[in-house]
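>>> predicted model follows, preceded by the sequence.
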Amino acid sequence: MASSNPFGNGPATPGSSRSYSGDRRGVARPQYMTVGGGSLSESAGRLQAMLDQDSGYGGSIASDDVAENVWHPGPAEDRYTPDHTPVKPGEHNAASEHERSAMASHVAQLFYNQNRTALGRAINQTVETLRKLQEMNAKWPAHYPTVQRPPSPPPPQRPDIRPGLPHTQSTTDNHRELDRAPARPQPPRRAGTSLGEHQSAESSSAAQAKAPEAAPRLVTPQLAQDFSVLKIELKMDGLPQSEIVHSLEKQSVASLLDNQINNSIRHLFSLRERIEDTSSKVLVTGDLNAGKSTFCNALLRRKVLPEDQQPCTAIFCEVLDVRENGGVEEVHAIPHGFVYSRNDESTYHVYELKQLEQIVIDSDRYSQCKIYIKDIRTVDQSLLNNGVVDIALIDAPGLNNDSLKTTAVFARQEEIDVVVFVVSAANHFTLSAKEFIFNAAREKAYMFMVVNGYDNIRDKKRCQEMILKQIAHLSPATFKESSELVHFVSSNAIPVKPAGADGPGGDFGGSGSGSGGGKGKEKEAIDDFNELEASLRRFVLEKRARSKLAPAKTYLLNVLGDLTTLASVNKDVAQNELDRVTEQLKQLEPVFEKSKKARTEADDEVARNIEETSGEVYSLTRNTLNTSISRVAESDLGVSYPGMFSAYGYADELKAAMLNQVTETVHWCEERAREKTVQGVSAIKSLGLLHLGDRYVDLTFRSDRMFRSRRDALARQVDFETEVWDFFDLANLWERQEKVAGTSMAVTVAGVIGGRMLGGVGWLDGALTATKIVGTNNARRLIVPGLILAAGLGAFYVVSQIPKSLPRRLSAKLSAQLAQLDYTHANAQRISAEVRRALQYPANKLTEGLQKNMEKLQEQKRETVKVQTESEVARKYFGNLMRESQDVRGRVQRVDLEGPAPGMAALA
Ligand SMILES: Nc1nc2c(ncn2[C@@H]2O[C@H](COP(=O)(O)OP(=O)(O)OP(=O)(O)O)[C@@H](O)[C@H]2O)c(=O)[nH]1
């Protein structure tokens, strides 16, 4: 009988037991139904669906099979296999309770497996997501929350957390999650906001562009509070937050995040390893002689551990499946001070199973032993190895003053999932037991209680009441679920095989029920024990779910929550950045076009300016020089005629003065050219300022450096001799004579002669006129003296004309020579070329500046387009990340580790 009525309902009655129809050998699947209700309950339906879908060892979904409604029995050991004849509806079967219990056990396993698979998948997906985030973060450094680590008090202790043990990050995170305000998704604001600098989210590039504010990609401390796992903690105590924020560059935030992601991935891997680990350890402890060893043997259906009326187990005996020792049944006794390693024989002594009796009492030599045995039961019944959870049983020494502490320490070990406390029904709890339970209850919350030796009790009801009363006091949590956690059994009533037997079979392997396991009390005891076993299995699974799956779930929830927040923040930042750069591009486009146009226009204008200025300078020089050369004779050269006898000296002086005059004119032209150049340079500067503004680099123009190149002395180039004819400009004299004759015909001879002679003009005319007047005869007489006079007068006149003739002659000669040298053109060319050269330099600089400006704008445009593309990619990526992480988080959230398996209600 299920003495404590563990399922909370009455004993199975005809009509309420479960049955299945259909042919087991055929392909029809079992039809579980609730008899009495008339139809399949919802939870029974769920259970059926689970059985259909889950193999029990990994939760693979055989969707096709489900769809086709075909039942596949394999793998055989994985399935619930009723070991008795099916019952028809309404027919009562004594074993239905056991069947129900086994079924519940199965459901628990399936449920556990489903959860494990779901979490495993979520871990894989999260790792993949984190890796992608790492890649993205390398290309587009994510905006990231940070918070200064305050000198925080130690985290509050939760009753289910054992002190002193290193807990996973998840557990602590769980507290944080529980403690903190729930407002997770918030409008993203950058770190700057907290400093009161910005009112809205600002893109990183903009922040970068504004160098002094170069805020890193951090979000507000408020938002940072919402982060748990991916939080970057800045260990820079003492620095004001603003300084920390500004001391972080975009890249360093990126690498911090990268680091944090690596940590997270590592942690996820270790969690995956943990949830994939199927081993679980159950510590069986209790008072001296309470029947712990007997209980363990009953669970194993094999008399492995020595049982004695007097306390005998003095060391911890761990019973493991033989497969963990390469299939060899033996005992490894670990001497004190050694850390056991199965592969290192120096850490233990090997014994045969039958020698166990000597070892367990030898606490002086050994601290514990490992017993590898073959499980004689089938997989679905086995405790040591059932595929979902392989349980290692640890038989502890009975509690007394000496062993209490050691056992308490042992129980606290991380790998101990469940503590089973065996108490003697006759003796109730001793002081040591109470102390142990009281302490363990605080740490592990629940305990599995086995009240052994129930067969010895006469007044069973009273015994139950008394024991439960004590449990209520010692461990209220256990008392609350006493139907599942407190069992009254008689371990010695369970048929066990002798230690030597190692094969499955007979009654020992089965549940005992319905297989000739005896009648009456004996059968009742066996049923109770079976009940206990099923509960224990469920309890182990539940505890495993707590100890192995819960950290994974908590951590996943945290990391996925962080990812969602991070994604939401970054999606908005990317959107802002995208909007900003799109706007920037819109503004940049016309500026760029303008700069392109400006460059062409300025180029043309400058070229025109140079062309015009040098052209003007050329013409000016040429005209001025030409005029100067042609008029050199007429100008006042400042040379006085010293008289006929120094005529040659006079000629030399004149020549030098003329050359000087021409040279001076050249200088004058150069001066004008210089002025023109200065004007040209300033025109170019105006253009530069117009188009480049502040970016125009002004050049200091040193006009005095112009025309400093070698200029050959004119005297060296011009080389002509003064000839005697140069003094007498006959051609000129004649010319002058002609001019005067036309105007003085009517003047009287004397007056004319006298006047003209005196005036020195038209002497020949005068002579001829005088001849006419005087008459031919008179003239004949007068001819000789006249001729002499005339010659004398002529000679006198010619000589007197030297100061007038010589300059003309010399000027003509100079002119001819200069023309031959192409002097005017050469100089005009030289000066204008210099002007061109002088203007070309600032012109080139201006062109260069304009080109640079254009290129800069082009580069800016290219950069902006790049940022635009990146932001667009980032926005899409973070949008997807947000959805993805929310999706996976939702799935993780639906993994229920607390409540009972969905099918349990149907089985209750
Ligand atoms: N009547 C009865 N006797 C039992 C039961 N379980 C164990 N015994 C007997 O109680 C005695 C002690 O059993 P053990 O299994 O050695 O007890 P233990 O708790 O392992 O002892 P230590 O570990 O040495 O403290 C043995 O003689 C068993 O046969 C039971 O359920 N009913």
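Received it, and whenever you're ready, just let me know what you need.

>>> give the bridge partners for the residue nearest to K292 when sequence neighbours are not counted, please.
Excluding the flanking residues, the one nearest K292 by CB to CB, 6 or more residues apart in numbering is V422, at 4.6 Å. C-beta: built from backbone N, CA, C; applies to glycine. V422 has these beta-bridge partners by DSSP bridges: G286, V450.

>>> report pLDDT for V422.
Note on V422: pLDDT of 93.

>>> which residues touch it?
When the contact criterion is CB atoms under 8 Å, 6 or more residues apart in numbering, the partners of V422 are 284-287, 290-292, 295, 450, 452.

>>> roughly how far does it sit from the ligand?
Look at V422 and the ligand: by CB to the nearest ligand atom, to the nearest Å, they are 6 Å apart.

>>> same thing with A607?
110 Å.

>>> tally up the residues packed near the closest residue to that residue other than its chain neighbours, please.
Sequence neighbours aside, A843 is the residue nearest to A607 in space, at 7.5 Å (criterion: CB to CB, 6+ apart). Neighbourhood size, A843 [other CB atoms under 10 Å]: 24.

>>> for A843, helix, strand, or coil?
What DSSP: H, G, I helix; E, B strand; the rest coil gives for A843 is helix.

>>> surely L271 is in contact with T554?
No - judged on CB atoms under 8 Å, L271 makes no contact with T554 at a distance of 9.6 Å.

>>> ok, now which ones touch the closest residue to the ligand within the stretch 351-500 of the chain?
For the stretch 351-500 of the chain and the ligand, the shortest gap (CB to the nearest ligand atom) falls at G398, measuring 2.9 Å. By CB under 8 Å, 6+ apart, the contact set of G398 is 286-290, 292, 311, 313.

>>> out of those residues, which are inside strands?
G286 (DSSP state E).

>>> which single one of the contacts of G398 is nearest to Y446?
Distance to Y446 across the contacts of G398 (CB to CB) is lowest for G286, with 16.1 Å.

>>> how about the contacts made by the closest one?
Counting by CB under 8 Å, 6+ apart, G286 has contacts 292, 396, 398-399, 421-424, 433, 450, 452.

>>> quick one: which of those residues is nearest to S382?
So of these, ranked by how close each gets to S382 (CB to CB), first place is V450, at 18.9 Å.

>>> burial of S547, as a residue count?
S547 has 18 neighbouring residues, counting by other CB under 10 Å.

>>> pLDDT wise, what is E863 at?
E863 is assigned 91 on the pLDDT scale.

>>> which of the helices or strands spans it?
Under the criterion of DSSP states H and E, E863 resides in helix 823-893.

>>> which strands and helices sit next to that helix?
Applying 3 or more CB pairs under 8 Å, 6 or more residues apart in numbering; DSSP states H and E, we find helix 823-893 packed against helix 96-139, helix 550-630, helix 647-692.

>>> weakest of those by average pLDDT?
helix 96-139 (a mean of 83).

>>> packing partners of it?
Going by 3+ CB pairs under 8 Å, 6+ apart, helix 96-139 lies up against helix 42-53, helix 250-276, helix 520-544, helix 550-630, helix 823-893, helix 904-907.

>>> pLDDT-wise, which helix or strand of this protein ranks last?
The weakest-scoring helix or strand in the chain, judged by mean pLDDT, DSSP states H and E, is helix 191-194 (a mean of 31).

>>> follow-up on the earlier one: tell me how far the residue nearest to A607 lies from the ligand.
Per CB to the nearest ligand atom, A843 is found 107 Å from the ligand.

>>> go on, V895?
According to CB to the nearest ligand atom, V895 stands 39 Å off from the ligand.

>>> near the ligand, which residues of the stretch 151-300 of the chain show up?
Counting by CB under 6 Å from any ligand atom, the stretch 151-300 of the chain comes close to the ligand at 288-294.

>>> quick check: next helix or strand after the strand or helix carrying G792?
Taking DSSP H and E as the criterion, G792 maps to helix 776-800. Moving toward the C-terminus from helix 776-800, the next helix or strand (DSSP H and E) is helix 802-821.

>>> buried stuff in that next one?
802-803, 805-815, 818 (16 or more other CB atoms under 10 Å).

>>> what is the nearest of the residues you listed to the ligand?
Minimum distance to the ligand across these is 137.4 Å, recorded for L818 (CB to the nearest ligand atom).

>>> not counting its neighbours along the chain, what's nearest that closest one?
Using CB to CB, 6+ apart and skipping the chain neighbours, the partner closest in space to L818 is I629 (5.7 Å).

>>> most packed of the helices and strands packed on helix 96-139?
helix 520-544 (a mean of 22; mean count of other CB atoms under 10 Å).

>>> can you tell me if it touches the ligand.
No - Helix 520-544 is not in contact with the ligand by CB under 6 Å from any ligand atom; minimum separation 8.2 Å.

>>> got the angle between that helix and helix 96-139?
10 degrees (axes from the mean of the first three to the mean of the last three CA atoms, to 10 degrees).

>>> coming back round to it: so for A392, which of the helices and strands packed on helix 823-893 sits nearest?
helix 96-139 (17.2 Å).

>>> picking that back up, go ahead and confirm the residue nearest to A607 touches E611.
No - contact criterion CB under 8 Å: A843 and E611 do not qualify, at 10.9 Å.
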